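**Q** turn this into a model:
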Amino acid sequence: MQKIFKFPPLDGGKRVVNRLRLIAWVCTAGAFITMLVSIVVFFNSGDGGLITWLAIISFVILLITNYLLSNLQRKQREIENNLSTKNGNLDKSEPKLRTIIESIPFDMWISDKEHRYILQSGESIRLGGNIIDKTPDQLGQPAEIVEQWKVNNQRALDGETVYQEESRVVDNEQRYFMTIKAPVNDETSFKGYIGIHLDITQRKSLEKKMQHSADQLAMLNDIGRAITTLGDVDSVLNLIREQVQQILPVDAFIVLLYEPETKIVSFPLVYDNGRNWSEPDREISMDMKSDDVLKTGKSLLVNLTVEEFEEIIKNPNRSLTGDYSTYYRSFIYSPLVRQDKVIGVVSAVSYDYNTYTEEHLKLLDGVAIQATIAIENARLYQAQQKELSDRKLAEQEILKLNAELERRVANRTIQLQEANENLNNEKAHLEQYNRQRDIMATMTGLLQASLTVNEASEIVSTHLKLLFPDCDGAVYLLNPSGLLEPSAVWGESESLNVTYTVNECWALRRGKTYRFGAHMPNPACAHVEKNIPSHALCIPLSAQNENLGNIHIASKNNQDIELILTEEQNFIEDIANSFALALGNLRLRERLHSLSIRDALTGLFNRRYLDETLPREINRAERKKSQVGILFFDIDNFKKFNDTYGHDAGDLVLKTMSEVIISIIRESDVACRYGGEEFIIILPDTSIEIAEQRAETLRNKVSLMKLDHNGQDIGKVTISIGVASYPQHGETRDTLIKSADIAAYLAKTGGRNQVVVSK
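**A** Residues are numbered from 1 along each chain as shown. Sure thing, here's the model as predicted:
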């Protein structure tokens, strides 16, 4: 075993003794020569006094030197004996030192001046393996980390105590350490430094919790300041939702209010999937967790297991914004309490399992307190505004009523007499009218809240069936091809499931309601020629001078129904007009939405839609720990097409290539025209390898396009494609697009008509 600590040999002392010996011999020789010279001089001249004194002095120096040399040799022997004893003791104590260091319960090591690890604690071996006789270069760490270690090691070797924070994965857990390196210099020949790793993970965790608490407090303060300035409930609740989303994992945020007198639960805020939704009022329920909180006034934390979630979604009657939907897996609920009474519940919902903790619930409780104050303040403000408005309206109405009252009093007697005479006759008609108007009002409200054309068609067909249960009927809508297709059908007649043109319906040709039947002189519409009913109505649907479709109602050989259809034609037309208006609004909304997100020339999504969609896909991939592929490409030599064949040819290239793109992408893929001849395709849940394959498929398809413009072949079209993937090449929209753009540039500069994957 290599010895670490030992005393150096006394080479310097030996050199001193040897020099003194040389001096002694020189002095002895000098004294002897001086004495010989003095004897010769004395016999020749009789005067050798000066030489004699020199000889005497040399002799004295010789005696002193021999005395010092003798003492120095004796002292050297004593020191050498002591060093030998101490080195022996060190040899005995070094194994003990190794045992002590190896048993130390924390990560510690000792390195020599060559930066080799010579001692290591047992905990150090457990955490990083045996590193004895290795240097930092041999530990397999990244070059930048090793370089930092070398700098700090040299600082410690130079006599400085170094402090450095590090992090690493231990037992599959991210741990944080404070590394301390200090010099080791003693009276032996050893020179090096000692290092200690102190686990500061708990301290780091505490610091993070303290910062999180500070963020939560700041959020509550922001809400408190904001609610004093906002005057309506919707603005207050949306502000609270935005603040909560900054510090809580929230996919859906729901606020419900409860009126104890009516036992009705309303939903002033339902936020889910990035947008606000409307949810109808309902009565308090026994099987919803939110209503349990209403009853108990206690906060609630629910983290569903996989088994519980799968069991719950089997219930076909679950509410979109109730406790459970297709996506909800974790919930926290906090009651809104005013004067010891629960007036509502605020809840945060996550699509993921085991999202929430008791700490999250406590934070939501604090938000609920602020929300209660905010709602009450907003309600008071709105009530004051309504009271002022109502007071003004009441004053105006009183003036009108006073004038009207005088006129009505004069005519009241006559009206009462006429009313009494007609009461019996009108009673049945009034009941029927009220029923129809109630159904009409309900239908109109549902039409106004409908989100799709098919939804609106089902609403109309359902209510017409309620009004005319003994009739067959259908709602036909005009498709982009100019054909009328059945959108909703009720009754038993199979002949209603037909597709026909505008010219096959007299109502659409004439632009007004058309009545016909088997025993009527009017010709029947061509779309029912094979099975002409005894009595039928076709009511055209139009809005803003545009044909939208047709409502067809036919009786089943019942004379009473024929009479009802005749008398209620105006009412049916009112229904058709309401439906047409709603239909026109829905189509206008769909058209406007499509125009806002699609490129007019190619029909692909535009850059605005890309800017909205790509961040959403990145966030979804981050939650799912999946990947998102990006294809960035443009048309090679596109300017040449425009310059050679004109812009019409260029537009033809763009349209044809867009058709190729649409033919190969999946339903989940998003193809966008980024600008000019540049395109981007978003590939959710796609690895970089699959994205590259998809890019090659697209490149081959485009290169095989045959384009003819005004009878002239405009040649082969090719594209250069850059491929990038989240998170490998970027974690934000801009960095991801930039990586793909650079790869596309390399594809173009590298010869065009190729695919390059971002580095």
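
**Q** report all helices and strands that the longest helix along the chain contacts.
**A** Ranked by number of residues, the top helix in the chain under DSSP state H is helix 358-449. Helix 358-449 is packed against helix 201-226, helix 233-247, strand 300-303, strand 330-338, strand 341-350, helix 453-467, helix 569-597, with contacts defined by 3 or more CB pairs under 8 Å, 6 or more residues apart in numbering; DSSP states H and E. (Each C-beta comes from the backbone N, C-alpha and C, glycine too.)

**Q** now Gly603: closest residue in space, sequence neighbours ignored.
**A** Leaving aside its chain neighbours, Gly603 sits nearest to Ser658 (6.2 Å; criterion: CB to CB, 6 or more residues apart in numbering).

**Q** wait, a helix at the one you found?
**A** Yes. Assigned with DSSP: H, G, I helix; E, B strand; the rest coil, Ser658 falls within a helix.

**Q** domain ranges for this protein?
**A** Annotated domains of the chain cover 11-98, 103-199, 207-382, 450-589, 598-757 [automatic domain parsing].

**Q** if we can go back for a sec, how about the contacts made by the residue nearest to Gly603?
**A** By CB atoms under 8 Å, 6 or more residues apart in numbering, the residues touching Ser658 are 602-604, 671, 673.

**Q** same thing but at 10 Å, please
**A** 599, 601-604, 671, 673, 679 (CB atoms under 10 Å, 6 or more residues apart in numbering).

**Q** pLDDT wise, what is it at?
**A** Looking at Ser658, its pLDDT reads 92.

**Q** how far away is it from Arg673?
**A** For Ser658, the distance to Arg673 equals 8 Å [CB to CB, to the nearest Å].

**Q** and for Gly584?
**A** Where Arg673 is concerned, Gly584 sits at a distance of 29 Å (CB to CB).

**Q** more neighbours, those two?
**A** Shown here are Gly584 and Arg673; by other CB atoms under 10 Å, Arg673 has more neighbours (24 against 16).

**Q** just give me the neighbour total for the residue lying closest to Gly517 once chain neighbours are set aside.
**A** Closest residue to Gly517 apart from its sequence neighbours, by CB to CB, 6+ apart: His535 at 4.2 Å. Neighbour count for His535, taken as other CB under 10 Å: 25.

**Q** buried residues in stretch 612-624?
**A** 613-614, 617-618, 621 (16 or more other CB atoms under 10 Å).

**Q** identify all contacting residues around it.
**A** In contact with stretch 612-624 (CB under 10 Å, 6+ apart) are residues 249, 251, 273-274, 350-352, 597, 605, 626-628, 630, 668, 670, 672, 680, 682-686, 725-727, 730-734, 736-737.

**Q** alpha carbons of that stretch, in PDB - could you do that?
**A** Output in PDB follows, covering the C-alpha atoms of stretch 612-624 (Å, rounded to 0.1, in the frame of the first residue of the first chain):
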ATOM      1  CA  GLU A 612     -52.000  29.400 -31.700                       C
ATOM      2  CA  THR A 613     -51.600  25.700 -32.300                       C
ATOM      3  CA  LEU A 614     -47.900  25.100 -32.000                       C
ATOM      4  CA  PRO A 615     -47.500  26.400 -28.400                       C
ATOM      5  CA  ARG A 616     -50.600  24.300 -27.500                       C
ATOM      6  CA  GLU A 617     -49.100  21.100 -29.000                       C
ATOM      7  CA  ILE A 618     -45.800  21.800 -27.300                       C
ATOM      8  CA  ASN A 619     -47.600  22.200 -23.900                       C
ATOM      9  CA  ARG A 620     -49.500  19.000 -24.600                       C
ATOM     10  CA  ALA A 621     -46.300  17.100 -25.500                       C
ATOM     11  CA  GLU A 622     -44.600  18.400 -22.300                       C
ATOM     12  CA  ARG A 623     -47.500  17.000 -20.200                       C
ATOM     13  CA  LYS A 624     -47.500  13.700 -22.000                       C
END
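
**Q** mean confidence for it?
**A** If you average the pLDDT over stretch 612-624, you get 94.

**Q** with stretch 257-264 instead?
**A** For stretch 257-264, mean pLDDT rounds to 84.

**Q** check stretch 522-542 too.
**A** 83.

**Q** got the end-to-end distance for that stretch?
**A** 23 Å (CA to CA, to the nearest Å).

**Q** surely Met657 and Leu704 touch.
**A** No. Taking contacts as CB atoms under 10 Å, Met657 lies outside contact range of Leu704: 11.5 Å.

**Q** who touches both of the two?
**A** Common neighbours of Met657 and Leu704 (CB under 10 Å, 6+ apart) are Val717.

**Q** the two: who's more crowded?
**A** Met657 (23 against 10).

**Q** what residues does the more buried one make contact with?
**A** Shown in contact with Met657 (CB under 10 Å, 6+ apart): 602, 604, 633, 635, 677, 679, 698, 701-702, 705, 707, 717, 719.

**Q** now Phe679
**A** Counting by CB under 10 Å, 6+ apart, Phe679 has contacts 599, 602, 604, 631-635, 654, 657-658, 661, 671-673, 698, 719, 721, 744.

**Q** which of those count as buried?
**A** The neighbour-count criterion (16+ other CB under 10 Å) marks 599, 602, 604, 631-635, 654, 657-658, 661, 671-673, 698, 719, 721, 744 among the contacts of Phe679 as buried.

**Q** strands - which of those residues land there?
**A** Counting by DSSP state E, these place 631-635, 671-673, 719, 721 in strands.
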